[in-house]
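# Here's my sequence, what's the structure:
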Amino acid sequence: MKKYIISALAFLCLLGGGVTMTSCSDVDGVKDVDLPRVLMPYDLTAVADQMEPAITVSWEGTSNAQYYVIEAFLDDPDFEGTPVASAEVHGTEYTFTDLLGETMYNIRVKGVAENKEDSHWAIINRATAPEQILSIPYIGIEETAILITWPTRKEVNAYKVLQNGRVIQSGEISSNEAASGRKYITGLEGGTTYTFEVYLDEKRRGYIDETTEIGAPIGCDYTIELTPSELSDQYTIQDVLDEIATQAATDGKTSYSVAVLLQPGGVYPFKKLKSDGTTDNVLIPDGMSVTFYGDKDDAPTLDIQCTQVNINGNHDVIAFQKVNLQGAKYFLNQSGACDVGKLEFTLCTISGFTGNTFIRTQGSNNPTIGSIELNKCLLSNCGGNYDIFDLRKATVGTLSIKNSTLYNCAGSKSIVQSDKVLRNFIMDGVTVYNCVKNQPTYKLGSTGEKVTITNVLFAKSADTGTNASTAAAKPVVNNTYLTSDWLLPITGATSLDVSAEDIFYNPESGNFTIRDEYKDVLNAGDPRWIK
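Numbering: from 1, shown residues only. Next up is the predicted model:
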C-alpha cells in the first residue's frame, strides 16, 4: 500500500477546482485553500521554569485556526483521563502555572475554527523543576518548635522532618492545617538544624532548612544559676567567675566550660572592684569557655559598668545568648594576648557603647579570634571614636553578621575595619540604618580576605561622604540594595530611587518593617522586618 501514500501537499496539487501545479509551489497559496479541517499546529516547544513548577508551551500557528485549545495531563501519555489544566489560547504561547514539582506533564494543542473540524492534536511532554512552597516566619522559630507555612492555594496533606538526611518525624497535615497554610511542628531540640518537607501524596511540594532557637547550654563542666540579688558592690560578676576558676583548678582542669544562667528580666552589673572600691574591668579567667544565657521573651540585662571586658588567655567559646548588653565605653577593647575560638552573640539586644565602640582590638600582642558571630541581634547606638567592629591589630578568621539589624550607629566610622588579618567578612540578611560616618562601609587590609554580602538592605548612611569600600578581593554581593540616602558606594549592590523613610514604616522609632508596597519586590534585610 505504500505506493499509494502521497503527501498532503501533493494531494492538494492533484485536486481539481482550479488548483494548478504552479500554485503548489506557493505554500501560502496552499494555506488559503478552504479546507474542511483546521491545519495542525507544528514546531511545539515546551520550556520548564527552573525557579518554580511552570511550563511554557509555544508553537507555530496555522492560517485557518481561529484559536487553539491546550490541555495538560498528569502522568498520562495516552491522554485518556481528564486534563489537570486546559485553556483557549488566542495566540501561539501559553504558560501552565501552579503545577507539581518534579513531575512529567503530557501536553497537547489543537487548532479550532468555526464550521471546520478541529485539527489533529500536536503532542509534547516536559517535566517540571523541583517545587519550593515553604516558608518559615521569623516569629515561627522557637527553641523546641517551628511553624512552617505555605500558600493556601497549594494543596498538601503530609509532612516530614529530617535531621542530617534522616527522617525523624512525619505525619499527616489535617484539612484545617492545609486550609490555613500552617503547620506547627513540636518535639524539636534547641539550636538544631532541620529540613522540613511537605507533600501531596508522594509528591514533594516544598522543602526548607531552619535552625531552632538555641537552648540552654547542656553538658558544661560547671553550671550556675545567678540572680541579680546575689550581686552587689561587695560581690561582683568577677567574683563569680573567679570562684568557678578556683574550683576548676582544684578539680585539675585547665580548660573547662561554664554556663551562667540568668534570671529573666533581671539586671546584672557587669564589673570588677579594685581594693580601693573603685570599678575595674572584668577579666574572663584563662582557660574558661563561658556562655551567659537568658530568656528571649524577657531578656536579662548585662550592664557593662566597667570600661571594657578583657578576654586575655585561651578560650574555646565566649557566648552571650538571649541577653541585653548595654554599656557606655567599650564592650571589648582587647590589647592583651588572647586565643579565642569563637566570640558569639545570639538573640541579643546590644546598645549604648557610644563612648568608643562595641568591639575593638589594639596593641602589639596580636589578639587572635577564630570567629566573631552576630546572629538575630539588634545593635544600636554603638560607635564614637572607632568602627563598630574595629579589628585592627588582630588576627580574626571570620566576622559574620546574620539576620540582624544595625541602626543609629551614626558615630561609627565603618561597620568593620581591619589592617592586619580578617579572612572572611560575611553579611547575610542584615538591615543597616543611619550608620557609618566619614569612612567606607567596610575597610579591610590586603591579606586575602573574602567579602560576602547577601540579602542586605543599606539605608540612610550617617553622613554625605562617598567613600567606596575597600578589600583585597572583589566582594561577592547578591540581592543587596542601597536606598537613595545611603551615599556610600558598594560594588555589586543595587541603588534604589527611594529613601529609607519611603521603605520602612517608622525607622526613627526603630521599626524597620518594610512597607507593603515593597514587600514583594524587596526581599532583603533582617528577616524579622520582612516576614
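
# the longest helix in this structure is where?
Counting residues, the longest helix found in the chain (DSSP state H) is helix 237-250.

# Quick one: name whatever helix or strand follows that helix.
strand 256-262 (DSSP states H and E).

# Quick one: mean pLDDT over that next one.
The average pLDDT for strand 256-262 rounds to 98.

# Give me the residues contacting that strand.
216-217, 219-226, 240-241, 244, 248, 268, 287-295, 300, 302, 316-317, 323 (C-beta atoms under 8 Å, 6 or more residues apart in numbering). Just so you know, the C-beta spots here come from the backbone N, C-alpha and C atoms, and that holds for glycine as well.

# partners of that strand in the sheet?
Strand 256-262 pairs in its sheet with strand 222-226 (parallel), strand 288-293 (parallel), by DSSP bridges.

# any idea how far that strand is from the chain center?
30 Å (C-alpha atoms, centre = their mean, to the nearest Å).

# list the helices and strands the helix or strand that comes right after that strand packs on?
For strand 256-262, the following helix or strand on the C-terminal side (DSSP H and E) is strand 267-270. Under the contact criterion of 3 or more C-beta pairs under 8 Å, 6 or more residues apart in numbering; DSSP states H and E, strand 267-270 touches helix 237-250, strand 301-304.

# Which elements pack onto the first one?
What it means is helix 237-250. Using 3+ C-beta pairs under 8 Å, 6+ apart: helix 237-250 touches strand 222-226, strand 256-262, strand 267-270, strand 272-273, strand 282-283, strand 288-293.

# Columns distance to residue 471 and mean neighbour count on top of these, output as a markdown table?
Formatted as a markdown table, the helices and strands packed on helix 237-250 follow (distance: least, C-beta to C-beta, whole Å; neighbours: other C-beta atoms under 10 Å):
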| stretch | distance to residue 471 | mean neighbour count |
| --- | --- | --- |
| strand 222-226 | 41 | 15 |
| strand 256-262 | 35 | 22 |
| strand 267-270 | 34 | 20 |
| strand 272-273 | 38 | 18 |
| strand 282-283 | 34 | 19 |
| strand 288-293 | 31 | 23 |
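
# Out of those strands, the one nearest residue 206 is which?
Nearest to residue 206 among the helices and strands packed on helix 237-250 is strand 288-293 (33.1 Å), distances taken as C-beta to C-beta.

# Touching, residue 223 and residue 244? I think so.
No: under the criterion of C-beta atoms under 8 Å, residue 223 makes no contact with residue 244, lying 9.8 Å away.

# Quick check: pLDDT value at the residue nearest the centre of the chain.
For the chain, the residue nearest the mean C-alpha position is residue 429 (5.6 Å; C-alpha atoms, centre = their mean). Looking at residue 429, its pLDDT stands at 96.

# next one: the one 3 residues further on
The model reports residue 432 with a pLDDT of 97.

# Show the contacting residues for it.
Residue 432 touches 405-407, 415, 456-459, 486, counting by C-beta under 8 Å, 6+ apart.

# Filter those down to just the ones in helices.
Per DSSP H, those never map to helices.

# Which one of these is nearest to residue 493?
Closest approach to residue 493 among the contacts of residue 432 (C-beta to C-beta): residue 458, at 7.1 Å.

# Mind pulling up the pLDDT for that closest one?
96.

# same check, this time on residue 523
Confidence score, pLDDT, at residue 523: 88.

# follow-up on the earlier one: which one of the contacts of residue 432 sits closest to residue 71?
residue 457 (44.1 Å).

# Tell me the bridge partners for that closest one.
Applying DSSP bridges, one finds that residue 457 bridges with residue 431, residue 481.

# so it makes contact with residue 524?
Yes: in this structure, residue 457 is within contact of residue 524 by C-beta under 8 Å, at 4.7 Å.

# who touches both of the two?
480-481.

# who has more neighbours, the two?
residue 457 (31 against 24; other C-beta atoms under 10 Å).

# how about the helices in the stretch 51-200 of the chain?
Under the criterion DSSP state H, counting those that start in this stretch, the stretch 51-200 of the chain carries helices at the ranges 175-180.

# any low-confidence regions in it?
For the stretch 51-200 of the chain, no stretch is flagged by pLDDT under 70.

# how about the strands in it?
Along the stretch 51-200 of the chain, counting by DSSP state E, counting those that start in this stretch, strands occupy 55-60, 67-74, 85-89, 93-96, 104-112, 122-127, 146-149, 158-163, 166-172, 182-185, 193-200.
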